[in-house]
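*Asks:* What follows is a protein structure lacking sequence information:
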C-alpha cells in the first residue's frame, strides 16, 4: 500500500492558520491534496493534523483524517519524518502494511503531478531510501559573501574569487514540496540529506518557500504566472 501523508499542524505562528489560509481562492492545503489525487499513485491520502478545523477542510477536499496527531509530535520541533513514521505505524498496527509513503507539504501550491510521479519512479527503480524535490541555486554558492564586523564584505570561499561561474559545480537545496521514501526508511529514521537519497530536480520557477507574508504574496504571483503559461 502507498500513502501520501500531508502534515498540517494547527499552531503555525508566523502565518496564523497557514495550512488552510485562502491561496488564490482555495485553502492552500487543497492544492497538495489535489496533486496527490491527480497522481493516481496513492491508496490513501492522509492529512496528519492536531486540529479539528484543518481535518474538516482536508476531508472536504478529498483527503482522509483517520486520526488526530498526538500532541507529542505536534510541536514546533517535530520533524516531518516523525509525522510520516507515526502514520505508517498507525496503519501497521491496524493490519495494513505500507510499502512506500510520500510526505507532501501542505503549503506546496506550485507542486506539479509530473514530479511526484517522477520521484516514485526514481525511487522504485533504485535501491535508494528516499527521493525528494530539490532545485538549484540561482547564483553560484561558491561566490557567496559575508559581512564582517566592520560592515565590509569578504568572500566565504576565497579560493573561488577568480573562478569562472561556468566552471563552478552546481549546488542544490531542498525544494520543500515532497519526500518519497520506503516505509522502512521512514521507520529507521535515517537522515534525508545523504547518499541514500535521490534528488528530483524542479525548475526554480516552481519553488517558493512560504514562511512570511511576503513569501505568500510571491507564491501567489508565481502560481498565477505558471497557471497562464
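*Replies:* Okay, I see it. For clarity, every value in this text was computed on a predicted model and none was experimentally measured. Numbers count the residues shown, from 1 in each chain.
*Asks:* Please report the distance of the residue nearest the centre of the chain from residue 207.
*Replies:* Closest to where the C-alpha atoms of the chain average out (Cα atoms, centre = their mean) is residue 177, at 2.8 Å. Distance of residue 177 to residue 207, computed by Cβ to Cβ, to the nearest Å: 7 Å. Every residue, glycine included, has its C-beta placed from N, CA and C.
*Asks:* what's the helix or strand for residue 101?
*Replies:* Element membership of residue 101, judged by DSSP states H and E, is strand 100-104.
*Asks:* Provide the contact partners of that strand at residue level.
*Replies:* Strand 100-104 is contacted by residues 2-7, 32, 35-36, 41-42, 80-81, 83-84, 87-88, 111, 116, 119-120, 123-124, 177-183, 186 when judged by Cβ atoms under 8 Å, 6 or more residues apart in numbering.
*Asks:* likewise stretch 194-211?
*Replies:* Residues contacting stretch 194-211 (Cβ under 8 Å, 6+ apart): 14-15, 18, 28, 107, 110-112, 115, 118-119, 122-123, 126, 128-136, 138, 172, 175-178, 185, 190, 215-216, 218-219, 222, 225-226.
*Asks:* do the same with stretch 7-24
*Replies:* Contacts with stretch 7-24, where a contact means Cβ under 8 Å, 6+ apart, come from 27-29, 31, 47-51, 53-54, 57-58, 69, 74-76, 80, 83-84, 103, 105-107, 109, 210-213, 216, 219-220, 223-224.
*Asks:* Give the burial count for the closest residue to residue 137 other than its chain neighbours, as a bare number.
*Replies:* Using Cβ to Cβ, 6 or more residues apart in numbering and skipping the chain neighbours, the partner closest in space to residue 137 is residue 171 (5.1 Å). The number of residues packed near residue 171 is 13, by other Cβ atoms under 10 Å.
*Asks:* now swap in residue 151 and tell me
*Replies:* That count, for residue 151 with other Cβ under 10 Å as the rule, works out to 6.
*Asks:* which element follows the strand ranked longest in the chain toward the C-terminus?
*Replies:* The residue-count maximum for a strand in the chain (DSSP state E) belongs to strand 172-182. Sequence-wise, the next helix or strand downstream of strand 172-182 (DSSP H and E) is helix 183-188.
*Asks:* Give me the nearest residue to residue 165, chain neighbours excluded.
*Replies:* In this structure, residue 165 finds its nearest non-sequential neighbour in residue 140, 5.2 Å apart by Cβ to Cβ, 6+ apart.
*Asks:* Go ahead and confirm the one you found touches residue 167.
*Replies:* No: contact criterion Cβ atoms under 8 Å: residue 140 and residue 167 do not qualify, at 9.5 Å.
*Asks:* With neighbour numbers in mind, choose between these two.
*Replies:* The neighbour comparison of residue 140 against residue 167 (other Cβ under 10 Å) goes to residue 140, with 19 against 9.
*Asks:* sorry, back to before: name the residues contacting each of residue 177 and residue 207.
*Replies:* Common contacts of residue 177 and residue 207 (Cβ under 8 Å, 6+ apart): 110, 133.
*Asks:* what ranges do the helices span in the chain?
*Replies:* For the chain, the helices defined by DSSP state H occupy 28-39, 52-60, 80-93, 113-124, 183-188, 213-227.
*Asks:* Of these, flag the one that's most buried.
*Replies:* Mean neighbours per residue, mean count of other Cβ atoms under 10 Å, is largest over the helices of the chain for helix 28-39, with a mean of 22.
*Asks:* Done for today, thanks.
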